[in-house]
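>>> this one's sequence-less:
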DNA sequence: TTGAAAGCGGTACCAT
DNA sequence: ATGGTACCGCTTTCAA
């Protein structure tokens, strides 16, 4: 590898000048800069990011903490974030973290806090107060995408309102027996999701109450936001109590699983049961699924932008909440009640 | 941040000893090691990865180059790789690269070649000979996952055989007019995919010939391996020439798009047209899609394992080909020809 | 505008 | 088994 010394020697200047020239800093004569650039390019010189980090204290890397990139929302957010970060010359370090306490502990204490990254983006994971505190101590900017963390900046949709809008759509179609598949609080998953499931549940209850509708026993079922979770949750829903005529699922993946369960039970969608989700998953249109669309890649970009802004600023920015609008997309899984 | 000096001072030994003790190297008395560990833990000391990289020449990071994490296969591979890498204490740097030459150029020259990562995993991207050569010069181990790169180790399925098996399944159901949606060579995407689309096409032709079947004009249609690509490709397929009774799609996402196009044309799946894909995408079972299953996360793990093995070895390993078996999964989109 | 040199925080060699 | 100490490659004062 050619190092900065090689370039300096070749041009006949000091390493300090090469460094300044290459990074576009002032106090370099146009002529010198040009020569340095030319030689550096010719020699294929690329600064060692590690050496630069060590000396400058900046890593030019962002850590993204995500439960699972295979879920549509997370993958899409990561995609959007990566796009912007790459444009800006930042690396994206991906940290998958499940609920497992040991792995999680290691992530926060060992990885995020060891000057490995300049800033941290967290998806669907509620850091504990201690984790928040220790991150704060390092001074790394943080942002939560797709949910909220007290005291942090966040980029997300209005989950309560989005959920309520979905339910109102069903109400508008004449449905009065509406169930919800989502993230009803579950001790097992404590800490592994943040505000999102709870807020969507609140939106559901809000819209139901507002319409004067009763939520029957067993109508709030926990899925895990996956298609399989939606499938089993919906089976439970159908096998007990008062059967709903419509289902509002907290994610499209759950909605897709649910529609499978409905058909499996010998019922039709939407004639017997209407279904609506949230996301506008890339495959939803092929399921003809009605949904509340959210622009996941855009959320990722906005989150990344926020972090870069914070890094560019001298003093810590106030936490901001960026709420991105959603849109009702009516397709074939919701219909006027039979 | 507490540094190694702080720990050394506190324990009353040299930084060299602290370094050895913490990394489990020999030549440290059990007693000393224990004291160092205790103090380091108490002080919350974590070695700076950048300083360590600079001194040791090892980054403990792997670069993963992928076209798009939102596609099921890529996301799943990344997930599997990340899991293994994390267990082994390696970071995963995600590089999304489209076909855009400038971005691509920058990726290879600036990022992968600047001692930023110890090894490189590439998905669905055929590096040019120059890129291969320059990577080789850095001595970084490389692996291709989900396809092949001449001279590299690879972890993948047998694409030709898998495609042929899918087609044979259709033939076994009595189909004689079988079309293919896939990656027929397209100058526009030159370089953005590697062996996979071509091999699946070969497998299709192989099985057709073996069964003595004719491939009609217009039966080999280019999709881009996405659902939308499959949709438009299938529309083209249905609107011209001899209509097939079965379609073999090179990915489940294309198959899903295709089935939409079929229904849109007023035809039924599988009564009028049978459809089979490759992947066993997480949502395929909900589409009741017949497919050839491939274990994407496992491919990611194996690829990562391969890289770690190469890093652990003293001399460059010979390129290896790890072929993982696939499995025919018959669901509801394939049926005996009408 | 430019250069010299002191770090940044570890690792690894060579003594002891 | 342990310590001293040159690096690793770049950034950043401070002087010139």
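Okay, I see it. This one's a predicted model, so the numbers in the text were calculated from it and none came from an experiment.
>>> quick one, strands of the stretch 101-250 of chain A?
Secondary structure of the stretch 101-250 of chain A (DSSP state E, counting those that start in this stretch): strands located at A:119-123, A:142-145, A:153-156, A:178-182, A:220-222, A:246-249.
>>> residues of the third one that come out buried?
Within strand A:153-156, the residues that qualify as buried are A:153-156, counting by 16 or more other Cβ atoms under 10 Å in any protein chain shown. All C-beta spots, glycine's among them, are computed from the backbone N, C-alpha and C.
>>> pLDDT-wise, which helix or strand of chain A ranks last?
The helix or strand of chain A with the poorest confidence is helix A:101-106; it has a mean of 80 (mean pLDDT, DSSP states H and E).
>>> list of residues touching that helix?
Residues from elsewhere that reach helix A:101-106 (Cβ atoms under 8 Å, 6 or more residues apart in numbering or on different chains): A:97-98, B:86.
>>> so which of the residues you listed are in helices?
Secondary structure defined by DSSP state H assigns residue B:86 of the contacts of helix A:101-106 to helices.
>>> state the distance from the closest residue to residue A:202 other than its chain neighbours to DNA strand D.
Using Cβ to Cβ, 6 or more residues apart in numbering or on different chains and skipping residues adjacent in sequence, the residue nearest residue A:202 is residue A:160, 5.2 Å away. Distance, residue A:160 to DNA strand D, by Cβ to the nearest atom of the strand, to the nearest Å: 44 Å.
>>> what residues are up against residue A:160?
A:199-200, A:202-203, A:206.
>>> ok so, going back, winner for burial among the strands of the stretch 101-250 of chain A?
Across the strands of the stretch 101-250 of chain A, averaging neighbours per residue (mean count of other Cβ atoms under 10 Å in any protein chain shown) puts strand A:246-249 on top, at a mean of 31.
>>> let me know the closest of the contacts of helix A:101-106 to residue B:268.
Nearest to residue B:268 among the contacts of helix A:101-106, counting by Cβ to Cβ, is residue A:98 at 41.7 Å.
>>> ok, now which ones touch the closest residue in space to that closest one that isn't next to it in sequence?
Spatial nearest neighbour of residue A:98, chain neighbours left out: residue A:67 (6.6 Å); criterion: Cβ to Cβ, 6+ apart. Counting by Cβ under 8 Å, 6+ apart, residue A:67 makes contact with A:74, A:96-98, A:123-125, A:192.
>>> dihedrals phi and psi, residue A:67?
The phi/psi pair for residue A:67 (degrees, to the nearest 10) reads phi -70, psi -40.
>>> any idea how far it lies from DNA strand C?
Applying Cβ to the nearest atom of the strand, the value for residue A:67 to DNA strand C is 30 Å.
>>> with residue A:73 instead?
Computed as Cβ to the nearest atom of the strand, the residue A:73 to DNA strand C distance reads 36 Å.
>>> and residue A:88, by the same measure?
Residue A:88 is 23 Å from DNA strand C, where distance means Cβ to the nearest atom of the strand.
>>> next, the residue nearest to that residue when sequence neighbours are not counted: phi, psi?
In space, residue A:88 comes closest to residue A:308 once its chain neighbours are excluded; the distance is 5.8 Å by Cβ to Cβ, 6+ apart. Note on residue A:308: its backbone torsions stand at phi -60, psi -40 [degrees, to the nearest 10].
>>> around residue A:308, count how many other residues there are.
19 (other Cβ atoms under 10 Å in any protein chain shown).
>>> any idea how far the residue nearest to residue A:238 when sequence neighbours are not counted lies from DNA strand D?
Setting aside the residues directly before and after it, residue A:238 is nearest to residue A:265 in space (Cβ to Cβ, 6+ apart), at 5.1 Å. For residue A:265, the distance to DNA strand D equals 63 Å [Cβ to the nearest atom of the strand].
>>> again, but for residue A:237
58 Å.
>>> OK, contacts around that residue?
A:179, A:181, A:218-219, A:221, A:244, A:247, A:258, A:261 are the contacts of residue A:237 under Cβ under 8 Å, 6+ apart.
>>> need those residues in CSV (columns: distance to residue B:91).
Compiled in CSV, the contacts of residue A:237 are given as follows (distance: Cβ to Cβ, whole Å):
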residue, distance to residue B:91
A:179, 43
A:181, 36
A:218, 45
A:219, 44
A:221, 38
A:244, 46
A:247, 41
A:258, 38
A:261, 40
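>>> just curious, which of these is nearest to DNA strand D?
Lowest distance from DNA strand D to the contacts of residue A:237 (Cβ to the nearest atom of the strand) belongs to residue A:181, with 51.3 Å.
>>> need the per-residue pLDDT for the closest one.
According to the prediction, residue A:181 has pLDDT 97.
>>> so it sits against residue A:233, correct?
Yes: counting by Cβ atoms under 8 Å, residue A:233 is a contact partner of residue A:181 at 5.0 Å.
>>> what's the overlap in contacts for those two?
Common contacts of residue A:181 and residue A:233, defined by Cβ under 8 Å, 6+ apart, comprise A:221, A:223, A:254, A:258.
>>> what is the lowest-pLDDT residue among these?
pLDDT is lowest at residue A:223 among the shared contacts of residue A:181 and residue A:233; the value there is 92.
>>> kindly provide the distance from that one to DNA strand C.
Using Cβ to the nearest atom of the strand, residue A:223 is found at 44 Å from DNA strand C.
>>> give me the number of residues near that residue?
Around residue A:223 there are 29 residues (other Cβ under 10 Å).
>>> gap between it and chain B?
As judged by Cβ to the nearest Cβ, to the nearest Å, residue A:223 and chain B stand 13 Å apart.
>>> then residue A:69?
5 Å.
>>> for that residue, report the pLDDT, please.
pLDDT at residue A:69 comes out at 95.
>>> same deal with the one 4 residues further on?
According to the model's per-residue confidence, residue A:73 sits at a pLDDT of 97.
>>> what's the helix or strand for it?
Element membership of residue A:73, judged by DSSP states H and E, is helix A:72-87.
>>> so does that helix get close to chain B?
Yes: judged by Cβ under 8 Å from any Cβ of the partner chain, helix A:72-87 and chain B are in contact via A:72, A:75-76, A:78-79, A:82-83, A:86.
>>> per-residue pLDDT, the residue nearest to residue A:202?
Here, the pLDDT recorded for residue A:160 equals 98.
>>> what about the stretch 1-150 of chain A, any weak spots by pLDDT?
For the stretch 1-150 of chain A, applying pLDDT under 70 flags the ranges A:113.
>>> 80 - rerun?
In the predicted model, the stretch 1-150 of chain A carries pLDDT under 80 at residues A:98-103, A:109-114.
>>> what parts of it come near DNA strand C?
Counting by Cβ under 7 Å from any atom of the strand, the residues of the stretch 1-150 of chain A lying close to DNA strand C are A:12-17, A:20, A:26-29, A:31-33, A:51, A:54-55, A:57.
>>> where does the stretch 201-338 of chain A get nearest to DNA strand D, which residue?
Nearest residue of the stretch 201-338 of chain A to DNA strand D, counting by Cβ to the nearest atom of the strand: residue A:311, 13.1 Å away.
>>> ok, so what distance separates the residue nearest to residue A:202 from chain B?
27 Å.
>>> so who does the nearest residue to residue A:171 once chain neighbours are set aside touch?
Spatial nearest neighbour of residue A:171, excluding adjacent residues (Cβ to Cβ, 6+ apart): residue A:211 at 4.7 Å. Going by Cβ under 8 Å, 6+ apart, residue A:211 touches A:167-168, A:171, A:176.
>>> mind giving me the PyMOL command for buried ones among the residues you listed?
In PyMOL syntax, the buried subset of these is picked out as below (16+ other Cβ under 10 Å):
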select buried, chain A and resi 167+168+171
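>>> quick check, nearest of the contacts of residue A:211 to chain B?
residue A:167 (23.4 Å; Cβ to the nearest Cβ).
>>> name the nearest residue to that closest one, sequence neighbours excluded.
In this structure, residue A:167 finds its nearest non-sequential neighbour in residue A:207, 3.6 Å apart by Cβ to Cβ, 6+ apart.
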